[in-house]
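In: fold the following, please.
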Amino acid sequence: MVGSMNAGKIIADLMRREGGFVDHSADRGGPTKYGVTAATLGRWRKLGRPATREEVMALEVSEAIAIYADEYIIGPRLHHIDDERLRGLLVDCGVHSGTKRAVQWLQAALGVAADGVIGPVTLGALARSDPRRVYLQVLALRLRFLGQLITRDAKQAAFAHGWMNRVAEFLDA
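Out: This next block holds a predicted model:
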C-alpha cells in the first residue's frame with residue numbers, strides 16, 4: 001500500500017485513538033468517524049461539499065484506511081520518513097491538526113523553512129538530524145498549539161483531557 005513503511009500499524013493505532021462515530025457540538029470538524037471529518041470525506045468522494053452526518057456515519061473501515069493512506073501519508077509525503085516513530089507521530093498530528101501544520105512542525109524542529117511541503121531540503125535536514133530530538137520537538141510544538149487552541153477558544157477545553165492522553169501516548173512510546 002505505502003511501500004516498506006508500516007502504514008497498517010500507524011493507521012490502526014490512529015483509528016483506535018479516534019474511535020468510531022462522534023458528533024460533539026464543540027468539535028470544529030463536525031461529525032467524524034474513525035477521525036475522518038465530514039469535510040475530508042466530502043473532498044475524498046469529490047462531492048463538492050462536506051459529507052452529511054449520515055454519510056459520515058456510514059463510512060466503512062476500508063474507506064477510512066484508504067483515506068488515511070492516501071491523504072495523510074502519501075499526499076504529504078510522510079512515507080519518505082524512515083523513522084517509524086516520527087512518521088507515526090506526524091501522521092497523527094496531520095489527522096488531528098492538518099497535514100500542512102504537521103509538516104511545518106517537522107520543518108521547524110529541523111530548522112528549515114516551514115513551507116509545509118516535504119522536499120529535498122526537509123529530507124536532507126532530517127537525514128542529518130537526531131530523530132529522537134526531532135520527535136520530541138514536534139511533540140513540544142504540538143502541545144503548545146493545543147494549549148493555544150484552548151486559550152483562544154474555551155469550548156476546546158472539552159477536549160483537553162483526550163488531547164493530553166493522546167500526546168502522552170506518544171511520550172510513552
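
In: so which residues of this structure form strands?
Out: 21-22, 32-33, 36-37 (DSSP state E).

In: let's have the ones you listed in JSON lines, adding distance to Arg53.
Out: Every C-beta, even on glycine, is put in place using the N, C-alpha and C of the backbone. Written out in JSON lines, the entries for those read as follows (distance: least, Cβ to Cβ, whole Å):
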{"stretch": "strand 21-22", "distance to Arg53": "9"}
{"stretch": "strand 32-33", "distance to Arg53": "10"}
{"stretch": "strand 36-37", "distance to Arg53": "11"}
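
In: figure out which of those is closest to Thr99.
Out: strand 36-37 (12.7 Å; Cβ to Cβ).

In: out of everything not next to it in sequence, what's closest to Ile65?
Out: Distances taken as Cβ to Cβ, 6 or more residues apart in numbering place Ile11 nearest to Ile65, at 5.5 Å, with adjacent residues excluded.

In: returning to that earlier point: please work out which of the strands of the chain is packed deepest.
Out: Burial of these is given as mean neighbour count (mean count of other Cβ atoms under 10 Å); strand 32-33 ranks first at a mean of 24.

In: ok, and what's touching that one?
Out: Glu18, Gly20, Phe21, Val22, Asp23, Ala38, Val56, Met57, Leu59, Ala64 (Cβ atoms under 8 Å, 6 or more residues apart in numbering).

In: can you rerun that using 6 Å?
Out: Strand 32-33 has contacts (Cβ atoms under 6 Å, 6 or more residues apart in numbering) with Phe21, Val22, Val56, Leu59.

In: can you put the strands of the chain in TSV and add distance to Thr151 and mean pLDDT?
Out: Compiled in TSV, the strands of the chain are given as follows (distance: least, Cβ to Cβ, whole Å; pLDDT from 0 to 100):
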stretch	distance to Thr151	mean pLDDT
strand 21-22	23	91
strand 32-33	23	93
strand 36-37	23	94
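
In: the contacts of strand 32-33: which two are farthest apart?
Out: Set against one another by Cβ to Cβ, these have their most distant pair in Val22 and Leu59, with a gap of 11.9 Å.
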